[in-house]
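Chemist: Turn this into a model:
(one chain, ligands or ions: 1)
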Amino acid sequence: MHLQLGQVPTVVISTPRLAQEILKTNDVVFADRPTTIASQMLFYKAQDIAWAPYGSYWRQMRKICTLELLSAKRVRAYSVIRDDEIKTMRKNLDSSAGRSIVLRDVLVQMVNDVICRATVGDICKDRSTLIDVLFDIMRAVIAFNMASYFPNLQFLNVITGKKAKWLKRQKQLDDILEDILEEHRNHRPSGGHDQEDLVDVLLRIKENGDLDQPITNDNIKGIILDMIIGGTSTSSMTLEWAMTELMRNPKIMKKVQAEVRAMANGNTITEENIQNMRYMKMILKETFRLHGPPLLVPRISREDCAVNGYNIPVKTRILINAWACGTDPDSWENPDSFIPERFENNSINYLGSDFELLPFGGGRRICPGITFGVGIIETALANLLFHFDWELPNGLKPNELDMTEAIVLSNLPKNPLQVVPVTVSV
Ligand code: HEM
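Modeler: Residues are numbered from 1 along each chain as shown. This next block holds a predicted model:
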């Protein structure tokens, strides 16, 4: 679908076949990101990875982050951090047993702590400000992306005071990130490269100066921001939606709890147990299908390109509607219903080569954090299902649960899920 959104020519891609044309057949042509107000104001003039133009800087930094933080080997090494933070989450839930809680608060804190410990070496000491600012910034990204379609009207942001508000938020965030850099500069690990977190690695290679594309402190701050923003909201929202769907579908909840409890090793859940939880993995896929990020991070064409018989001129913005692909009636039966069993004899996966299911995007700009994110989500979900039974508060019936979505970066339930955890002795 071609749209003239404000002053920017835009093509919206809403079927798996066309998504394949963009993300596979013509991947290099559509591997760039547009310049947006959000990327300029909030992501250090696109000096991060997610908003960086396609080219040698982006390639270099993505490779470093993959090797040093996001590879399967690194993610395995973080299992200690993940298990530790999930234990803390369980303790918090235990102490709230029998009372109504907002599950999102618990999940966001757990995911943020795992990601911060892996990326910057510790839980962020300004955690609650960080989380507040992160969610505000994600709202701003959506708002600014809309404003980017009307470049000639950007003065409205100044007049209405929005720009000043976001600059203040950006300053708060920059202070937190500067503190993190300062602490790392003052406490370099003495035991060699094995003890380095991502920030130590980036500072070391910046100082050694042997990169093809030299990096600055703003690059490092942009990249930390990518990891924390990219990982925290998406992973915690997926968990919240999975639990929301399970609360709405008590039979599915029962079935998955039976699987998780049958697979566990005594009182603990190991990595190996999780690999055998087939039904839980189907629940995760179904959650991604219905509640993954609705739109992928925007792309822009680097040259003229023919797609499906139409010419897409250079510098056309491309919005891939992953939600439409995930609910495409030609690809999915009963597309709007939550039916994990649809994956029983179906090999469709979310790794970027099945265009019907694109929660992590595809092609060269595919999310590099899949293994890290899915590792946190699967381990947390298995523990929530194993150690607790769950009830709805105030006599609420499953079919009365509010499924309205609010679009932030990922989409989250508009009204946070409230539940009552009931500790199970196993
Ligand atoms: C459930 C969890 C997650 C979901 C659903 C998700 C989703 C996405 C999506 C849709 C994109 C855009 C892909 C495209 O344009 O084709 C993306 C990019 C990205 N994600 Fe994730 N993500 C998740 C977890 C993570 C984690 C844990 C990290 C890092 C700690 C991360 C870091 C990034 C980065 C750096 C990019 C930009 C890649 C680039 O432009 O080259 N994500 N993610």
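
Chemist: same for the helix or strand Glu207 falls within, what does it pack against?
Modeler: In this assignment (DSSP states H and E), Glu207 forms part of helix 198-208. Packing contacts for helix 198-208, counted by 3 or more CB pairs under 8 Å, 6 or more residues apart in numbering; DSSP states H and E, involve helix 56-65, helix 103-120, helix 162-186, helix 217-248. (Glycine included, C-beta is placed from N, CA and C.)

Chemist: That one versus helix 56-65: what angle between them?
Modeler: Angle of helix 198-208 versus helix 56-65, following axes from the mean of the first three to the mean of the last three CA atoms, to 10 degrees, is 130 degrees.

Chemist: Now Val108: closest residue in space, sequence neighbours ignored.
Modeler: Spatially, and ignoring its direct neighbours in sequence, Val108 is nearest to Ser236 (4.5 Å; CB to CB, 6 or more residues apart in numbering).

Chemist: residues in contact with stretch 240-247?
Modeler: 103-104, 107, 252-253, 256, 283-284, 286-287, 290-291, 338, 377, 381, 384-385, 390, 392, 398, 401, 403, 412-413, 416-417, 419 (CB atoms under 8 Å, 6 or more residues apart in numbering).

Chemist: Mind checking which of these are in strands?
Modeler: Trp390, Leu412, Pro413, Val419 (DSSP state E).

Chemist: Need the max-distance pair from the residues you listed.
Modeler: The span of those, defined through CB to CB, is set by Trp390 and Leu412 at 18.7 Å.

Chemist: Have a look at the two and say which one is more surrounded.
Modeler: Leu412 (25 against 18; other CB atoms under 10 Å).

Chemist: Would you mind confirming that the more buried one is in contact with Thr404?
Modeler: No - counting by CB atoms under 8 Å, Leu412 does not reach Thr404; the two are 10.3 Å apart.

Chemist: Can you pull the residues of the stretch 301-426 of the chain lying near the ligand?
Modeler: Within the stretch 301-426 of the chain, the positions near the ligand by CB under 6 Å from any ligand atom are Pro359, Phe360, Gly361, Gly362, Arg365, Ile366, Cys367, Pro368, Gly369, Phe372, Gly373.

Chemist: Go again with 5 Å.
Modeler: Contact residues (CB under 5 Å from any ligand atom) of the stretch 301-426 of the chain with the ligand: Pro359, Phe360, Gly361, Arg365, Cys367, Gly369, Phe372, Gly373.

Chemist: who's in contact with the closest residue to the last one other than its chain neighbours?
Modeler: Going back to what we said before, that points to Gly373. Leaving aside its sequence neighbours, Gly373 sits nearest to Ser235 (CB to CB, 6+ apart; 4.7 Å). Residues in contact with Ser235 (CB under 8 Å, 6+ apart) are Val111, Ile115, Gly373, Ile376, Ile377.

Chemist: again, only this time at 10 Å
Modeler: 107-108, 110-112, 114-115, 369, 372-377, 380, 410 (CB atoms under 10 Å, 6 or more residues apart in numbering).

Chemist: And for Lys91, the neighbour number?
Modeler: For Lys91, using other CB under 10 Å, the count is 10.

Chemist: Distance-wise, check it relative to the ligand.
Modeler: Lys91 sits 24 Å away from the ligand, going by CB to the nearest ligand atom, to the nearest Å.

Chemist: That residue sits in which helix or strand?
Modeler: Using DSSP H and E, Lys91 falls in helix 79-95.

Chemist: Quick check: which helices or strands does that helix pack against?
Modeler: helix 103-120, helix 271-275, helix 370-387, strand 388-391, strand 418-423 (3 or more CB pairs under 10 Å, 6 or more residues apart in numbering; DSSP states H and E).
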